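Engineer: My questions are about this predicted structure, shown below with the sequence.
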Amino acid sequence: MKKYRVISTTPIAGFPARLLLTILLLLTAYYRLKLFYLAVSLYLVYLLWSYYWAISSCRYINAKVNNSQRNIFTGETLSWEVKLANGWNLPVVRSSIDFTLPAFFAVADDKIFVSEEPKEVNAENSSCIFLPWQQYSAYYAWLKAKEEVNFTIEVKAQLRGIYYIPPVEFSVGDPSGLFYGKREITAGDYLYVYPQLQKEVAIAQALALTEKQLESGNALEDRYTVIGVRSYQLTDPIKSINWYATARTGSLKSNLYARKNSFNCLIVFDTSVYEQPADVTEIVRAKDPLLENAISFAVSLALFQLEQGAKTAFYTNSPLLQWQYREELRQTKKLPYLKRVRKISDITFADGDEQAQRILKLAASIDESSRASREEQEKLWLKVMETASDSMVYILTYNRPPAFWSSLTGSDETTEKLAENPHEFYSAARLAALQAAGYQLINLG
């Protein structure tokens, strides 16, 4: 971490200038030009002293940024505890803490100054997402010998996602302003910004099963505990028929099972859109409030089931965002870039806090600028069909395309036509074939 770089602020102090002064010094000494020799010597010594001051200041300053948070929720504030301690016997001038953040973070502090945006890394394929960056600096003009300064930088997350946070750097100059030294004081790291959660009461109300749903089998039953019989209904599975009671009464009878208190729960989040424009380059991340609400509901439902003691799984066909870092970028210290990945994401059944963290991280990675295709919807359904028969399945559909798609297709429509609505994929006949203890279909669009 302690790698120093000394950078000249003007061409007259750069390496070519110092090399030229060295050559002139040798020439004036060879030709015994005393006056010129003295002038060149003084200027060269002045440059070397300024260089030494900058690198010594950078070496003896103890700069630290304490940040133990690796994940926060949207709207929360991330706090960085900054410490500057001058261990040198001379004062330090023009020191600063420099850091770069994605533009979806807000820094509200009078001590923090915003500088120009750095150049964005452009990838050469259409699956890359453009992410604007912003540079910030916290300046401290004068730091006395053996003095220590502590302050806090507060950063507010404004948009859900997974973000790369570049290394924080410490900069310090020399009194003449000809040089400044830079040193990285943190390593680059990733920060998960989770979606906002909905209140438990709202989730419970949205999932309240009606008597009709209970009678049709859309709630979990303990298949090993029979508490009675009732007349057979068309929605009852064949396995539930009580053949003894049927033969005795002369009409089809079904077993009436006790309800389960502990069970498996599968959350299916489907974001399919059938009519999609061709992929375009330089897509900029932008907030989609309706999608954010849908993601919030899906994640809140999963966490609600975990709190109820259920082993919970989470499946989705939503495209995800992942950070890519090419080798040539590592060598030039450039920023990595976001890439869209299309796949069926499946977090298998588990319980506890670690499962909740896995679901939240997956939700943070969902790409709001794209949607799943019809083929990916079918793949997701095949995955759901493999679900264990003792699971309660919640199918949550959100089939609204991103708002900016209308400008690409030349259409003002924001919803799918009824005949092509991906929500209609989950027909009653299709759901009846689902080998699960119960299901509930919810349209979040």
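Structural biologist: Arrived safely. Numbering: from 1, shown residues only.
Engineer: From now on I want contacts and neighbour counts done on CA atoms only, so please keep to that.
Structural biologist: Fine.
Engineer: What sits closest to the spatially most central residue of the chain if chain neighbours are left out?
Structural biologist: Compute the mean C-alpha point of the chain, and by C-alpha atoms, centre = their mean the closest residue is Ile162, 1.3 Å away. Residue nearest to Ile162 in three dimensions, not counting chain neighbours: Tyr192, with 4.5 Å by C-alpha to C-alpha, 6 or more residues apart in numbering.
Engineer: again, but for Gly161
Structural biologist: Ala364 (4.5 Å).
Engineer: show me the contacts for Thr312.
Structural biologist: Shown in contact with Thr312 (C-alpha atoms under 8 Å, 6 or more residues apart in numbering): Asn264, Cys265, Leu266, Ile267, Ala302, Gln305, Leu306, Thr348, Phe349, Ala350, Asp351, Gln355.
Engineer: quick one: least confident of those?
Structural biologist: Lowest pLDDT of these: Asn264, 85.
Engineer: thinking again about what came up before, what subset of the contacts of Thr312 is buried?
Structural biologist: Buried members of these, scored by 16 or more other C-alpha atoms under 10 Å, are Asn264, Cys265, Leu266, Ile267, Ala302, Gln305, Leu306, Phe349, Ala350, Asp351, Gln355.
Engineer: Partner strands of the host helix or strand of the second one, with direction?
Structural biologist: Using DSSP states H and E, Cys265 falls within strand 264-270. With DSSP bridges as the criterion, the sheet partners recorded for strand 264-270 are strand 311-316 (parallel), strand 391-397 (parallel).
Engineer: What count of nearby residues applies to Phe15?
Structural biologist: Applying other C-alpha atoms under 10 Å, we find 12 residues neighbouring Phe15.
Engineer: Centre of the chain to the helix ranked longest in the chain, how far?
Structural biologist: In the chain, taking DSSP state H as the definition, the longest helix is helix 34-60. In terms of C-alpha atoms, centre = their mean, to the nearest Å, the centre of helix 34-60 is found 47 Å from the chain centre.
Engineer: what's the answer for stretch 351-364, then?
Structural biologist: On C-alpha atoms, centre = their mean, the centre of stretch 351-364 falls 13 Å from the chain's centre.
Engineer: again, but for stretch 64-84
Structural biologist: So, by C-alpha atoms, centre = their mean, the centroid of stretch 64-84 is 15 Å from its chain's centroid.
Engineer: So for that stretch, what gets flagged as buried?
Structural biologist: 64-65, 71-75, 77-80, 82-84.
Engineer: pLDDT on it, on average?
Structural biologist: The model assigns stretch 64-84 a mean pLDDT of 89.
Engineer: Repeat that for stretch 157-174.
Structural biologist: Mean per-residue pLDDT for stretch 157-174: 91.
Engineer: what ranges of the stretch 301-445 of the chain fall below the confidence cut-off?
Structural biologist: The model of the stretch 301-445 of the chain has pLDDT under 70 over residues 326-334, 388-389, 407-419.
Engineer: can you map out the strands along it?
Structural biologist: Listed in chain order, the strands found in the stretch 301-445 of the chain under DSSP state E, counting those that start in this stretch are 311-316, 320-324, 337-341, 345-350, 391-397, 438-443.
Engineer: Ok, which of these comes nearest Ser231?
Structural biologist: When the strands of the stretch 301-445 of the chain are compared by C-alpha to C-alpha, strand 438-443 sits nearest Ser231, at 19.0 Å.
Engineer: who's in contact with the closest residue to Thr348 other than its chain neighbours?
Structural biologist: Nearest residue to Thr348 in three dimensions, chain neighbours excluded: Ala313, at 4.8 Å (C-alpha to C-alpha, 6+ apart). Each residue near Ala313 by C-alpha under 8 Å, 6+ apart is listed here: Asn264, Cys265, Leu266, Ile267, Ala302, Asp346, Ile347, Thr348, Phe349, Ala350.
Engineer: Enumerate the beta-bridge partners assigned to the fourth one.
Structural biologist: Listed beta-bridge partners, Ile267: Phe314, Tyr394 (assigned using DSSP bridges).
Engineer: right, and it touches Tyr315 too?
Structural biologist: Yes - with contact defined as C-alpha atoms under 8 Å, Ile267 and Tyr315 form a contacting pair (6.2 Å).
Engineer: in the stretch 301-445 of the chain, which spans are helices?
Structural biologist: Under the criterion DSSP state H, counting those that start in this stretch, helices of the stretch 301-445 of the chain are mapped to 327-332, 353-364, 374-385, 405-409, 428-432.
Engineer: Report the inter-axis angle for the third one versus strand 264-270.
Structural biologist: Yep, that's helix 374-385 we're talking about. Going by axes from the mean of the first three to the mean of the last three C-alpha atoms, to 10 degrees, helix 374-385 is angled at 170 degrees with respect to strand 264-270.
Engineer: so Gly181 sits right up against Ser96, yeah?
Structural biologist: No - the criterion here is C-alpha under 8 Å, and Gly181 misses it with Ser96 at 10.5 Å.
Engineer: More neighbours: the two, which one.
Structural biologist: Remark: of Gly181 and Ser96, Gly181 carries more neighbours, 24 against 20, as counted by other C-alpha under 10 Å.
Engineer: Where does that one fall, secondary structure wise?
Structural biologist: strand 179-184.
Engineer: Parallel or antiparallel, list what pairs with that strand.
Structural biologist: strand 4-8 (antiparallel), strand 169-173 (antiparallel).
Engineer: how distant is that strand from the center of its chain?
Structural biologist: 30 Å.
Engineer: before we move on, the earlier item: so which of the helices of the stretch 301-445 of the chain is nearest Ile55?
Structural biologist: Using C-alpha to C-alpha, those put helix 327-332 closest to Ile55, at 21.9 Å.
Engineer: just to revisit the earlier point, grab the two from the contacts of Ala313 that are most spread out in space.
Structural biologist: Greatest spacing in the contacts of Ala313, by C-alpha to C-alpha: Asn264 and Asp346 (14.8 Å).
Engineer: Quick one: residues contacting Asp353.
Structural biologist: Per C-alpha under 8 Å, 6+ apart, neighbours of Asp353: none.
Engineer: ok so, going back, what about the strands paired with strand 179-184, which gets the closest to Ala157?
Structural biologist: Among those, strand 169-173 comes nearest to Ala157, with 21.0 Å by C-alpha to C-alpha.
Engineer: Run through who's touching the closest one.
Structural biologist: 54, 57-58, 63, 92-99, 179-186.
Engineer: 6 Å - rerun?
Structural biologist: 54, 93-98, 179-185 (C-alpha atoms under 6 Å, 6 or more residues apart in numbering).
Engineer: From Leu256, how far off is Lys239?
Structural biologist: 12 Å (C-alpha to C-alpha, to the nearest Å).
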